[in-house]
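Peer 1: Here is a sequence with its predicted model. Questions after.
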Amino acid sequence: MGHPKKASKFVANSERMHWHDKALWFVRERRDLATHQLDEWEELRRVASEIKTHTMDRLDYYLEEFEKNATQKGLHIHWARDAKEHNEIVLNLLLTHGAKRVVKSKSMLTEECGLNPFLEKNGIEIVDTDLGERIVQLRKEAPSHIVLPAIHLKKEEVGKTFEEFLNTQKDNCDPTYLTREARKHLREKFLTADASITGVNFAIAQTGGVVVCTNEGNADLGASLPKLHIASMGIEKVIPRLEELSVFTRLLARSATGQPITTYTSHFHAPIEGGELHIVIVDNGRSDTLSNSDFKESLNCIRCGACLNTCPVYRRSGGHSYGYTIPGPIGSTLGASRDLQANRTLPFACTLCASCSNVCPSKIKLHNQLYRHRQNVVKAGLLGAKKRAILKVSSWVMKHPLLLDFVGLVVRKVVPILPRGIVYSKANIWGRGREVPKFPKKSFKELYKERKK
Amino acid sequence: MNELYPKASMATLKVLENLGLDVEYPMNQTCCGQPMANSGCYLEAKELAKRFLKIFKDYDYIVAPSGSCVAMVRVNYAQFLEGEEGFEHLKNNTYELVEFLHDVIKPTTMNVSFSYRVGIHNSCHGHRELGMASMSERNLPEFSKIKKILSLVDDIEFVTLRRNDECCGFGGIFSVTQEAVSVAMGTDRVNDHINAKAEVITGIDMSCLMHMQGIIDRQKLPIKTMHIAQILAGEL
């Protein structure tokens, strides 16, 4: 099922759709407020875009630099070509350390790789410790947003979920109460964990360390208690030097939630005492995207989620309608780059309104990417025969002005005298929720000619 | 515009002629190819782009009462026409009507009156591709070419929307392939104007207005749409 079908189901519940739209618009407004307080905001975006583009053009160099410096600091670096290799590396590390219980903080990369089900199949207990992630994990759902994974759920639904899995009081959906119960539940998981897995927001080539940004401190607790810490990162997460980090930390939280900075911005440059810190660097299709000049800019993404919050389609269709790990505009371009066949409806889940390109902190021209992906969908013959035929015929008519005038005349004369049941038949998709325009008696050309006489 | 909105087209002609310009409408023009390009049908779009260039390349200015068509020419034609003779001239001299008035003609009065409360719908392509007004996402000084030109109309009153530049959900092929989301977006957009007590929604793109008018007519909402050219031409 493509995006349109799933989206129309989401839209059908108007009350819920509007609730979802308003919740995300609220985040967008907070972002506007925060970004408008910085006079240098547009300058920061420009610099971020240049740093990222520079780094992507020399990615091999910076990754090796990172590996060299990290190794010197006693970190262990692993390279994974794809999701399968990533998962196997992680499993192997856990097995050799005898780790059975793992706590994980937010990482869209491990979602992308399907790490949780893989580890569970191999007898490992893996617990997501970000509150929103834990909620969707308990419900066996995927995150519907890259920063706000449970934004599709109302507090009553969270209450029910906790009732079922955490034995909370019946019908108590007070957010403070539920958060405290979640903390109790998670604390016990932290204290008994054998290993932790985190994502990586930034890897600094010059220092050989990684930086993880969270609001809940769950990554820090996970990385500080068990002896084994595994951090998974995509190859695009590297930045050249420590000096560049502040450009991104200033952009990231403001773009994501309107905060000046995330509550925790933790630098990991060494394992904890007596412990080990492993970094898994994952390609999983990224170098293919890097080699495509139309789409390589999408690797500049810092995963702030601003393009999701501003996207009028995302707000009204929900993250699950996209069917790709990362929803919204950035997910639509990454997904289409990754697997065009599977994600062929995503470049069209967009009105080309360009708001996403305007909020993007690293200035990815997201709507242009989706526009270009559409051409590839057509090139690959994935548009659908009916749509293709309609567009071919109309293009042909557009090359013959006299024929176009004739068709226009016939439509203008005939449609108004047809019974409503025929005009608004099933085939008229436009007419499901809208009236067709009232047809004028004369076209502009006719009026123009008459005037000239 | 030719088939469905002759009034808005005539109004465009009237506005330009009233300003003393020598206007010609090439009769063999059809479509700029935007619907094809936005659907990914680049081969068809390219043929129509070439056709457009041939028809319009010899005019001093090419003016269209449609922001999205102009965005197609200025932003997206390069992929099809880069290097072709006359393309640079075409690209640099194709204007949306209000933009043309604002940037080139700079009128100081329109000699018309429109005593209604008006909501401006900032059509996305004109807004974000052509830069017709400051965009809510960007941290840049506020301006609106549309409001500035409309302010030359006597007795006009503007309303303030909650979401100044939210998309109406038309989106060309999107309006059909994503019918449900499209109608939901359009309904929200119209309601923003109604809640702001607007009597008329105006804008520089007939397609957005057609979409919203379709929703207004179906839901029998107390508001109407009107192309900006009709206001500027003094039509009621």
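Peer 2: Noted; the coordinates are in hand. Residues are numbered from 1 along each chain as shown, chains lettered A, B, ... in the order given.

Peer 1: tell me the strands in chain B, going along the chain?
Peer 2: B:62-64, B:94-96, B:117-121, B:157-158, B:200-203, B:224-227 (DSSP state E).

Peer 1: what's the closest of those to chain A?
Peer 2: Closest approach to chain A among the strands of chain B (Cβ to the nearest Cβ): strand B:224-227, 10.6 Å. For glycine as for every other residue, the C-beta is placed from the backbone atoms N, C-alpha and C.

Peer 1: right, and the strands of chain B - which one's nearest residue A:250?
Peer 2: strand B:117-121 (33.4 Å; Cβ to Cβ).

Peer 1: Give me the contacts around stretch A:163-173.
Peer 2: Stretch A:163-173 is contacted from outside by A:138, A:155, A:156, A:158, A:159, A:160, A:162, A:177, A:178, A:181, A:182, A:185, using Cβ atoms under 8 Å, 6 or more residues apart in numbering or on different chains.

Peer 1: rerun that using 6 Å as the cut-off
Peer 2: Here stretch A:163-173 makes contact (Cβ atoms under 6 Å, 6 or more residues apart in numbering or on different chains) with A:138, A:155, A:156, A:159, A:162, A:181, A:185.

Peer 1: what's the closest non-adjacent residue to the last one?
Peer 2: If I follow you right, that is residue A:185. Nearest residue to residue A:185 in three dimensions, chain neighbours excluded: residue A:166, at 5.2 Å (Cβ to Cβ, 6 or more residues apart in numbering or on different chains).

Peer 1: Kindly report the same for the first one.
Peer 2: Once its chain neighbours are removed from consideration, residue A:138 has its nearest residue in residue A:165; the separation is 4.7 Å (Cβ to Cβ, 6+ apart).

Peer 1: next one: phi and psi at that neighbour?
Peer 2: phi -100, psi -30 (degrees, to the nearest 10).

Peer 1: cool, and residue B:220?
Peer 2: Backbone phi and psi, for residue B:220 under degrees, to the nearest 10, turn out to be phi 50, psi 60.

Peer 1: need the contact list for it.
Peer 2: Applying Cβ under 6 Å, 6+ apart, no residues qualify as near residue B:220.

Peer 1: again with residue B:30
Peer 2: Per Cβ under 6 Å, 6+ apart, neighbours of residue B:30: A:398, A:401, A:404.

Peer 1: Ok, residue A:355 next?
Peer 2: A:310, B:137.

Peer 1: For the biggest helix by length in chain B, which outside residues touch it?
Peer 2: Scanning chain B for the helix with the most residues, using DSSP state H, yields helix B:179-195. With contact meaning Cβ under 6 Å, 6+ apart, helix B:179-195 is reached by A:7-8, A:11, A:312-313, A:316-317, A:429, A:432-433, B:119, B:161-163, B:168-169, B:174-175, B:201, B:211-212, B:215-216, B:221, B:223.

Peer 1: domains of the chain?
Peer 2: Since no chain was named, I'll use chain A. Domain assignment for chain A, taken from automatic domain parsing, gives A:38-284, A:299-379, A:389-452.

Peer 1: My question was about chain B, not that one.
Peer 2: B:6-104, B:108-232.

Peer 1: Retrieve the pLDDT associated with residue B:236.
Peer 2: In this model, residue B:236 is scored at 68, pLDDT.

Peer 1: Sorry, slip of the keys, the one I care about is residue A:106.
Peer 2: 87.

Peer 1: Relative to residue A:145, how far out is it?
Peer 2: Going from residue A:106 to residue A:145 by Cβ to Cβ, to the nearest Å gives 11 Å.

Peer 1: re the thing from before, just put the contacts of stretch A:163-173 in CSV and tack on distance to residue A:369, neighbour count and secondary structure.
Peer 2: Listed next are these as CSV, based on distance: Cβ to Cβ, whole Å; neighbours: other Cβ atoms under 10 Å in any protein chain shown; DSSP: H, G, I helix; E, B strand; the rest coil:
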residue, distance to residue A:369, neighbour count, secondary structure
A:138, 35, 18, helix
A:155, 36, 11, helix
A:156, 38, 10, helix
A:159, 40, 22, helix
A:162, 39, 22, helix
A:181, 42, 18, helix
A:185, 41, 17, helix
